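**Q** Next comes the sequence, and after it the predicted model I'd like to discuss.
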Amino acid sequence: MFMFGTVMGETDSTGAKKESPKVDSGPAYVTLTTSMGEIVLELNRDKAPVSVANFLSYVNREAYDGTIFHRVINNFMIQGGGFNKDMTKRPTGDGIENEWKNGLKNKNYSIAMARLGGRANSGTNQFFINVKDNAGLDVPNDGAGYAVFGKVVKGFEVVDAIKLVKTTSSGGMRDVPAEPIIIQKAVQSKAPKK
C-alpha cells in the first residue's frame with residue numbers, strides 16, 4: 001500500500017508540526033452512462049487503492065468517454081474501457097500493481113481489472129464486470145488472480161441486458177457486440193439513493 005505525506009509528529013525547518021495531506025478513503029462512485037442505460041459503480045479505495053486510483057485517473061481525464069464494451073460473454077463477464085467504436089485501441093498508461101490478494105472476490109456484478117495473461121501487473125484502462133460468480137478468477141492460474149476493486153450498486157438491469165447482446169468477430173477479436181455498446185460518459189458521482 002502506498003503511504004503519502006509525513007510521519008505524525010515530524011516537524012519542518014521552522015520547528016512547526018507538519019500535517020499529512022488528506023488521503024481519500026472510503027468508497028468512491030462512478031456513473032457510466034452507456035448507450036443501453038446507466039450503471040453506477042461503488043469503488044473500494046480501502047481494499048484496492050491502486051486499482052481505484054488508476055480507474056479514477058482514466059475517468060477524470062474523460063478517457064473512457066466514447067469507448068465501448070468490446071468483449072461480452074454471457075455467463076462470464078462484460079469487458080470495456082480500451083477500444084473506440086471502430087475497434088482502434090485507446091492509449092494507456094503503464095501497467096499497475098495487481099491487487100488480487102485484497103480479499104475482494106470476482107462475484108456477480110463486481111468490477112475487476114482486465115490484464116494480459118501471464119503478466120500480473122499489466123492492467124491499465126480495461127476493466128470487466130462479472131455477470132456471474134467467477135471464483136476461478138480469484139486463484140492464480142497464471143501466477144496471479146484478477147483484482148476486484150468495486151461493484152455495481154445501480155443499473156443491474158443494464159448489465160443484464162448487455163450480457164445478452166448478439167456478438168460477432170471484429171478486429172481480430174471474438175465476442176464483440178454486433179451493435180456497439182458505447183460508454184458515452186464516465187464521471188465521478190455521489191452514492192445513489194437507496
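**A** Ah, there it is. The structure presented is a predicted model; accordingly, all values stated were derived computationally and were not measured.

**Q** what about the helices in the protein?
**A** All helices of the chain, identified by DSSP state H, fall at 49-60, 156-162.

**Q** tell me the mean pLDDT over the last one?
**A** Read it as helix 156-162. Averaged over helix 156-162, pLDDT sits at 98.

**Q** quick one: it to chain centroid distance?
**A** Put simply, helix 156-162 sits 17 Å off its chain's centre (CA atoms, centre = their mean, to the nearest Å).

**Q** what comes up buried for it?
**A** 158-159, 162 (16 or more other CB atoms under 10 Å). Bear in mind the C-beta positions are built from the backbone N, C-alpha and C, glycine included.

**Q** what would those residues look like in a markdown table with distance to residue 89?
**A** Shown next, in a markdown table, are the buried residues of helix 156-162 (distance: CB to CB, whole Å):
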| residue | distance to residue 89 |
| --- | --- |
| 158 | 25 |
| 159 | 24 |
| 162 | 21 |
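
**Q** just to revisit the earlier point, right, so of the helices of the chain, which gets closest to residue 38?
**A** Nearest to residue 38 among the helices of the chain is helix 156-162 (6.6 Å), distances taken as CB to CB.

**Q** CA atoms only: put that closest one into CSV for me.
**A** C-alpha atoms of helix 156-162 as CSV (Å, rounded to 0.1, in the frame of the first residue of the first chain):
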residue,chain,number,x,y,z
PHE,A,156,-28.1,-4.2,-12.6
GLU,A,157,-30.7,-4.4,-15.4
VAL,A,158,-28.4,-2.6,-17.8
VAL,A,159,-25.6,-5.1,-17.0
ASP,A,160,-28.1,-7.9,-17.5
ALA,A,161,-29.2,-6.5,-20.9
ILE,A,162,-25.6,-6.0,-22.1
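
**Q** The helices of the chain: which one's closest to residue 123?
**A** So among those, helix 49-60 is nearest, using CB to CB, at 7.3 Å.

**Q** right, and out of the buried residues of helix 156-162, which lies closest to residue 40?
**A** Looking across the buried residues of helix 156-162 and measuring by CB to CB, the closest to residue 40 is residue 158, at 9.7 Å.
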